[in-house]
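Student: for reference, the sequence and a predicted model appear below.
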Amino acid sequence: MFAYFDCFSGLSGDMILGALIDLGVPVEWLDTQLKRLPLTGFTLDVHSVYRHGIRGTKVTVKIQNDVPVRAFADIRRMLQESPLPPDVQGSSMKIFDRIAAAESFLHGCPKDQVHFHELGAVDALVDVVGSCLGLDYLGLRKIVASRIPLGTGWIDCAHGRLPVPAPATLEILKGVPVHQTEIPRELTTPTGAAVIATLSEGFTRMPDMVVEKIGYGAGTRDLKEMPNLLRVVVGRPSPPLEGTAEHIVVAECAVDDMNPEIFGHLMERLFESGALDVYWIPVFMKKNRPGTLIQVLCKEKEREAVLRCLLSESTTLGVRFSEVPRWTLPREPVTVETIYGPLPAKRIREPDGKWRIVPEYETCRKIAKERGIPLRDVYSAVSAAGNGLAVPDAVSS
């Protein structure tokens, strides 16, 4: 199982935590785990909200006491001495280290001495550690994310009036694909940026996957431009495409002077020579003459036999050859019990892993002719019998 963070409206620590709770992390369990840290005087307010008609989970950390100003060294010590699971402890440390490194660079002070309200605040600790706890609870060891959108304008914080994106956010997102929007709000916060930049293995469009669950974490503001939500999609990798990869030969020539009656005989001879398939394609040739492009698919070992057949049975003076890659779905011959008796068919495995039964044309045509019934009735009988048996252990080979 892995998670795709669809950050169409940015992200923040509380949006990440809300999406994970929306995916099934129990609030009571999360609260108990967080209070194993030396943190007091806070409660989690979790409720549903709607953003442009879409329901999401909003998490607010309510603080009852004054928040002490903590340096990064205090945060690190707190996490190292905590009884948190090793993976949660390690991930939380990396996220805070990333934030502290950005602030250290921006303010020109040693990383351990970085101290300011935002880093030491209880809500930042809850968002970061809670997000790591939630990911661990859901068993999400792999995270992939979309490009990160950034707003524009200005924000007021402990350091004064700053441009959006905030300098710390932009510093944290070094090496991460971002894109600018015209929305005059802070879409991505330093905490959200640090979590995704630290934990995500890549930033791309949604990968091929089988979707299992979807969670929505809501931001505080109700933006008029878009739903202020973070969408986290949980799923498993799509099953590998089964089939056979090979190279085949394409032989082709064009004729404009051959008796149309010969084409039927030529096709029969080509199949006898080992052709996999034969096509007649209408074309216009030199001097605007209508003609036919003869195209034959075959294996390499049948190349010479097909060449001899085309040169001897058609009016062409030459044949072009090219090699092309081909991918074919898994298939095998089976016998299906129908109202007309046992009939041969093909069992084919689809890309999604399902099987389907395909009737054999020549056999069905023979039954239809012998019994004086429409060919489609025989096809329907084979398909109907096969649909209920289109699994490997249910159909006799």
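Tutor: Yes, it's here.

Student: so which bits of stretch 249-258 are buried?
Tutor: Val249, Val250, Ala251, Glu252, Cys253, Ala254, Val255, Met258 (16 or more other CB atoms under 10 Å). The C-beta positions use only the backbone N, C-alpha and C, and glycine is treated the same way.

Student: all helices of the stretch 51-200 of the chain, in order?
Tutor: Counting by DSSP state H, counting those that start in this stretch, the stretch 51-200 of the chain has helices at residues 72-80, 86-107, 117-120, 122-138, 167-172, 190-199.

Student: pLDDT of the longest one, averaged?
Tutor: In this model, helix 86-107 carries a mean pLDDT of 94.

Student: repeat that for the third one.
Tutor: Averaged over helix 117-120, pLDDT sits at 50.

Student: who's in contact with the residue nearest to Arg185 when sequence neighbours are not counted?
Tutor: Nearest residue to Arg185, sequence neighbours excluded (CB to CB, 6 or more residues apart in numbering): Gly151, at 4.6 Å. Contacts for Gly151 (CB atoms under 8 Å, 6 or more residues apart in numbering) come out as Gly10, Val164, Pro165, Thr181, Ile183, Pro184, Arg185, Glu186, Leu187, Thr188.

Student: now the first one. Nearest residue, chain neighbours left out?
Tutor: Among residues not flanking Gly10 along the chain, Leu187 sits closest, at 2.9 Å (CB to CB, 6+ apart).

Student: report the separation between the one you found and Val250.
Tutor: 52 Å (CB to CB, to the nearest Å).

Student: likewise Lys224?
Tutor: Separation of Lys224 from Val250 (CB to CB) stands at 57 Å.

Student: by mean pLDDT, point me to the weakest helix or strand of this protein.
Tutor: Lowest on mean pLDDT, DSSP states H and E among the helices and strands of the chain sits helix 117-120, with a mean of 50.

Student: which one of the helices of the stretch 51-200 of the chain lies closest to Lys62?
Tutor: Nearest to Lys62 among the helices of the stretch 51-200 of the chain is helix 122-138; the distance by CB to CB comes to 9.0 Å.

Student: so what's the closest residue to Gly13 other than its chain neighbours up against?
Tutor: Sequence neighbours aside, Asp127 is the residue nearest to Gly13 in space, at 2.7 Å (criterion: CB to CB, 6+ apart). For Asp127, the contacting residues are Ser12, Gly13, Asp14, Ile16, Leu17, Val61, Thr191, Val195, by CB under 8 Å, 6+ apart.

Student: which pLDDT value belongs to the fifth one?
Tutor: So that's Leu17. According to the prediction, Leu17 has pLDDT 98.

Student: is it in a helix, a strand, or coil?
Tutor: Under DSSP: H, G, I helix; E, B strand; the rest coil, the three-state class of Leu17 is helix.

Student: quick one: the helices in the stretch 251-397 of the chain?
Tutor: Here the stretch 251-397 of the chain has its helices, by DSSP H, counting those that start in this stretch, at 262-272, 303-313, 361-371, 375-387.
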